[in-house]
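Peer 1: dropping the sequence and predicted coords here.
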Amino acid sequence: MKSIVLLISLLAVISCAQAQQTDLIANTDGRKTISLDGEWRTIIDPYETGYYDYRYQPSSDGYFKDAKPKTKSDLIEYDFDTSESLKVPGDWNTQQERLLFYEGTIWYKKAFDYQRKENTRLFVYFGAANYIADVYLNGEKLGRHEGGFTPFNFEITKLVRDTGNSLIVKVDNKRRRDAVPTLITDWWNYGGLTRQVKLVETPATFVQDYFIQLQKGSRERISGWVKLNGSKLDQKVTVRIPEARISKSFTTDANGSAQITFDAALTLWSPDNPKLYDVVIEAETDQVQDEIGFRTIETRGTEILLNGRPIFLRGVCIHEEAPFRGGRAYSREDALTLLTWAKELGVNFVRLAHYPHNEFMLREADRLGIMVWSEIPVYWTILWENSATLENAQNQLREMITRDQNRAAVIIWSMANETPLSNARLSFLKKLIDHARSLDNSRLISAAMERHYLNDTTTQMIDDPLGEYVDVFGCNEYVGWYDGLPEKADRVEWKMNYQKPLIMTEFGAEAPYGNHGDPLTRWTEEYQENAYQHQVSMLKRIPFLRGTCPWILMDFRSPRRPLPGIQDFHNRKGLISDRGEKKKAFFVMQRYYQEIRGALPK
Ligand code: GCB
């Protein structure tokens with residue numbers, strides 16, 4: 001009998017611990033939050049001693065217990081409070097020289113006090129942790145999150161104390177064959193709590209998520225939904241857009257969901273006029289506010305239509321790499337620097353490669369009027385046949401969409417980059433596409449794909465079978481760099497099997513800023529400039545081309561690029577160096593964008 005009682009209470013403890021995992025709070029900006037950014041105590045743990053015992057079993061008294069010796073004889077071999085600290089947000093690699101190449105586990109600890117309030121729930125929210133995060137509060141496990149570039153949160157209402165809370169996160173960035181991304185990428189595997197960490201307060205029942213966008217194909221009708229979380233799920237919910245004198249009420253069902261549709265005469269968001277409206281979502285027990293832009297995005301044959309008018313996407317690819325200081329970008333200032341450079345180039349579009357970027361990028365793109373391609377790190381050689389890999393990719397896709405589904409700037413969700421053809425890959429990517437469309441049918445779906453030469457060796461053929469399932473075809477090519485010399489572009493013709501718009505999602509050449517020579521000497525700015533000149537003339541000859549994204553705005557760190565004196569572990573294909581110096585090729589692209597700007601509606 002005693003053991004049954006014990007078992008029941010054990011199960012209760014387990015289910016209580018599980019109940020603390022929560023779906024993502026879509027908009028933390030519109031809520032009361034307490035920042036946990038700053039110095040966190042850290043322990044470098046390459047052998048995961050704080051997690052596994054010496055038989056490689058998960059240990060019950062690992063570092064997450066944050067134990068202290070109680071007597072002078074106690075044996076405890078770690079101490080957060082006398083360990084070194086690292087800054088959060090921030091990757092660990094660029095904070096300490098000895099961590100530059102480190103891939104493994106680091107434990108983070110933040111101590112905090114919190115004044116508990118009645119009828120208020122508390123969550124701990126992580127902007128991102130690369131790659132796996134195990135999160136503990138006061139010795140209890142809250143849960144695990146996998147995926148290095150999307151947000152997640154856990155409810156801590158029941159566990160939080162008034163004083164002396166110990167929040168501990170084990171972050172592990174070891175690469176894995178079955179992970180997303182997999183073992184090899186052309187970017188640095190920056191580890192750590194790379195984005196903001198905050199406590200988020202909500203009422204007992206709160207607006208957890210909402211989708212408020214124009215209905216596909218309509219420029220006058222808003223269509224979406226609101227979702228509540230809590231115990232009082234049936235409520236009256238009002239959506240207000242005060243500037244447009246709109247106030248519409250709906251009733252949530254027993255699951256806390258309400259479909260919303262209403263007519264609205266709004267000024268549409270576009271790069272020329274990035275109009276955002278204050279939108280208030282008001283439930284009986286909660287209220288959140290957001291700034292939302294309204295626009296439509298569709299395709300018709302080989303055209304891309306923004307608000308019903310054909311548009312050419314003058315783009316550039318961007319990695320989430322910090323200008324000037326290096327490492328992961330994480331701040332509004334970083335976002336503004338990158339996007340301002342992109343604007344100087346003449347863009348109306350950016351491809352945020354190769355994973356979801358921090359939320360500042362999306363919020364600032366909304367304000368600056370820059371359309372966005374956003375993607376998940378399904379890159380190169382993913383394990384297509386592994387169901388856990390698919391689940392992981394779907395989860396990252398869902399978290400990306402949940403965070404950014406109300407950003408007018410985002411016009412394209414991209415599923416993958418340069419993935420090799422196979423049936424297993426096609427079926428994997430089709431499932432991702434279905435998943436994306438089920439979450440958001442208002443945006444375009446794409447992927448950056450490859451192409452091949454026909455027997456004549458100068459006709460580039462675009463016929464990836466995935467093309468059938470996307471709205472827009474994205475294509476990466478390096479004519480003039482990996483593929484012949486720059487002048488080869490003059491002889492290349494393009495054919496496509498699909499009546500769909502094409503975006504050239506990558507092309508480029510590599511040169512460190514200030515390295516000069518003649519136009520055929522590799523690694524010189526002149527070679528890069530030469531490659532861009534021939535590229536641009538080739539691009540102009542592609543009738544179904546509706547966008548271009550040179551690779552890449554700014555140089556970035558990559559372990560695949562060791563060439564001493566030239567690369568020094570950086571991919572130098574940037575149009576701008578990591579110190580903000582513009583290379584000659586920048587101006588070739590800038591001229592091209594100036595030229596085509598007038599040719600089509602902006
Ligand atoms: C590509 C990849 C990109 C690389 C780039 C390069 O095709 O998509 O991640 O960094 O080429 O520089 O080779």
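Peer 2: Alright, I've got the coordinates.
Peer 1: quick check: residues of this structure near the ligand?
Peer 2: Taking Cβ under 6 Å from any ligand atom as the measure of proximity, the chain contacts the ligand at 186, 354, 417, 418, 476, 506, 551, 571, 573. Placement of C-beta: from N, CA and C, glycine included.
Peer 1: which ones are touching whichever residue of the chain sits closest to the ligand?
Peer 2: Taking Cβ to the nearest ligand atom as the measure, the chain has residue 186 as its residue closest to the ligand, at 3.6 Å. Contacts of residue 186 were listed using Cβ atoms under 8 Å, 6 or more residues apart in numbering, and they are 558, 560, 561, 571.
Peer 1: so which helix or strand takes in the third one?
Peer 2: Read that as residue 561. Using DSSP states H and E, residue 561 falls within no helix or strand.
Peer 1: which residue sits closest to it, ignoring its sequence neighbours?
Peer 2: Using Cβ to Cβ, 6 or more residues apart in numbering and skipping the chain neighbours, the partner closest in space to residue 561 is residue 567 (4.0 Å).
Peer 1: compare the residues of the chain next to the ligand and tell me which is most surrounded.
Peer 2: Sorting these by how many neighbours each has (other Cβ atoms under 10 Å) puts residue 573 first, at 28 neighbours.
Peer 1: just to check, that residue is in contact with residue 509?
Peer 2: Yes. Using Cβ atoms under 8 Å, residue 573 makes contact with residue 509 at a distance of 6.6 Å.
Peer 1: what touches both of those two?
Peer 2: With contacts defined as Cβ under 8 Å, 6+ apart, the residues adjacent to both residue 573 and residue 509 are residue 528.
Peer 1: buried residues in stretch 145-152, which are they?
Peer 2: By neighbour count, with 16 or more other Cβ atoms under 10 Å as the criterion, the buried positions of stretch 145-152 are 145, 146, 147, 148, 149, 150, 151, 152.
Peer 1: contacts for that stretch?
Peer 2: With contact meaning Cβ under 8 Å, 6+ apart, stretch 145-152 is reached by 24, 125-133, 135, 173, 179-180, 194-195, 320, 355-357, 359, 376-377, 392, 395-396, 399-400, 403.
Peer 1: dump that stretch to PDB, keeping only the CA atoms.
Peer 2: Taking only C-alpha atoms (Å, rounded to 0.1, in the frame of the first residue of the first chain), the coordinates of stretch 145-152 have been written out as PDB:
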ATOM      1  CA  HIS A 145      14.700  22.200 -26.000                       C
ATOM      2  CA  GLU A 146      16.400  21.200 -29.200                       C
ATOM      3  CA  GLY A 147      17.200  23.600 -32.100                       C
ATOM      4  CA  GLY A 148      19.600  26.500 -31.900                       C
ATOM      5  CA  PHE A 149      17.700  29.400 -33.500                       C
ATOM      6  CA  THR A 150      14.100  29.500 -32.200                       C
ATOM      7  CA  PRO A 151      12.500  30.600 -28.900                       C
ATOM      8  CA  PHE A 152      11.000  28.400 -26.200                       C
END
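Peer 1: how far away from the center of its chain is that stretch?
Peer 2: Its chain's C-alpha centre and that of stretch 145-152 lie 9 Å apart, by Cα atoms, centre = their mean, to the nearest Å.
Peer 1: contacts only, for residue 481.
Peer 2: 508, 509, 510, 531.
Peer 1: ugh, wrong one, I meant residue 552
Peer 2: By Cβ under 8 Å, 6+ apart, the contact set of residue 552 is 316, 317, 318, 319, 353, 508, 571, 573, 574, 575.
Peer 1: the fifth one: neighbour count?
Peer 2: Right, residue 353. 27.
Peer 1: I'd say it and residue 321 touch.
Peer 2: No. Distance between residue 353 and residue 321: 10.4 Å, which falls outside the contact criterion (Cβ under 8 Å).
Peer 1: re the thing from before, which members of the buried residues of stretch 145-152 are the farthest-apart pair?
Peer 2: Maximum pairwise distance in these, criterion Cβ to Cβ, is 13.0 Å, between 146 and 151.
Peer 1: now do the SS call for residue 343.
Peer 2: State at residue 343, reduced to three classes by DSSP: H, G, I helix; E, B strand; the rest coil: helix.
Peer 1: one more: residue 435?
Peer 2: Recorded secondary structure, residue 435: helix (three-state DSSP).
Peer 1: which residues touch the closest residue to it other than its chain neighbours?
Peer 2: Closest residue in space to residue 435, ignoring its immediate chain neighbours: residue 394 at 5.1 Å, by Cβ to Cβ, 6+ apart. Residues near residue 394 by Cβ under 8 Å, 6+ apart: 431, 432, 435.
Peer 1: residue 394: which element?
Peer 2: Counting by DSSP H and E, the element that carries residue 394 is helix 387-404.
Peer 1: please apply the same query to residue 474.
Peer 2: Residue 474 is part of strand 473-476 when elements are defined by DSSP H and E.
Peer 1: also residue 428?
Peer 2: For residue 428, the enclosing helix or strand under DSSP H and E is helix 423-439.
Peer 1: can you list contacts of that helix?
Peer 2: Under the criterion Cβ under 8 Å, 6+ apart, external residues in contact with helix 423-439 comprise 376, 378, 382, 384-385, 389-390, 393-394, 397-398, 401-402, 405, 413, 415-416, 419, 445, 447, 465-466, 469-470.
Peer 1: for PyMOL, write the select line for the buried members of those residues.
Peer 2: Buried members of those, defined by 16+ other Cβ under 10 Å, are picked up in PyMOL with:
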select buried, resi 376+378+382+384+389+390+393+394+397+398+401+402+405+413+415+416+419+445+447+466+469+470
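Peer 1: hmm, back to that, in helices only, show me the contacts of residue 481.
Peer 2: With DSSP state H as the criterion, helices contain residue 531 from among the contacts of residue 481.
Peer 1: residue 597: which of the contacts of residue 481 is nearest?
Peer 2: Looking across the contacts of residue 481 and measuring by Cβ to Cβ, the closest to residue 597 is residue 508, at 21.2 Å.
Peer 1: on that earlier part again, let's see which of the contacts of stretch 145-152 end up in helices.
Peer 2: Where the contacts of stretch 145-152 overlap with helices, as defined by DSSP H, the overlap consists of 359, 392, 395, 396, 399, 400, 403.
Peer 1: neighbours of residue 411, how many?
Peer 2: Taking other Cβ under 10 Å as the criterion, the count of residues near residue 411 is 24.
Peer 1: what sits against the nearest residue to it once chain neighbours are set aside?
Peer 2: Distances taken as Cβ to Cβ, 6+ apart put residue 297 closest to residue 411, at 4.4 Å, once the chain neighbours are dropped. Taking Cβ under 8 Å, 6+ apart, we find residue 297 in contact with 304, 305, 306, 411, 442, 443, 444.
Peer 1: repeat the analysis, applying 10 Å as the threshold.
Peer 2: Contact criterion Cβ atoms under 10 Å, 6 or more residues apart in numbering gives 214, 216, 304-308, 311, 371, 408, 410-412, 442-444, 471-472 as the residues in contact with residue 297.
Peer 1: cool, residue 268 as well?
Peer 2: By Cβ under 10 Å, 6+ apart, the contact list for residue 268 reads 214, 219, 275, 293, 294, 295, 296, 306, 307, 308, 408.
Peer 1: out of these, which is most surrounded?
Peer 2: Using other Cβ under 10 Å as the contact criterion, the top neighbour count among the contacts of residue 268 goes to residue 408, which has 26 neighbours.
Peer 1: secondary structure element holding that residue?
Peer 2: Using DSSP H and E, no element contains residue 408; it sits outside every helix and strand.
Peer 1: same check, this time on residue 144
Peer 2: strand 140-146.
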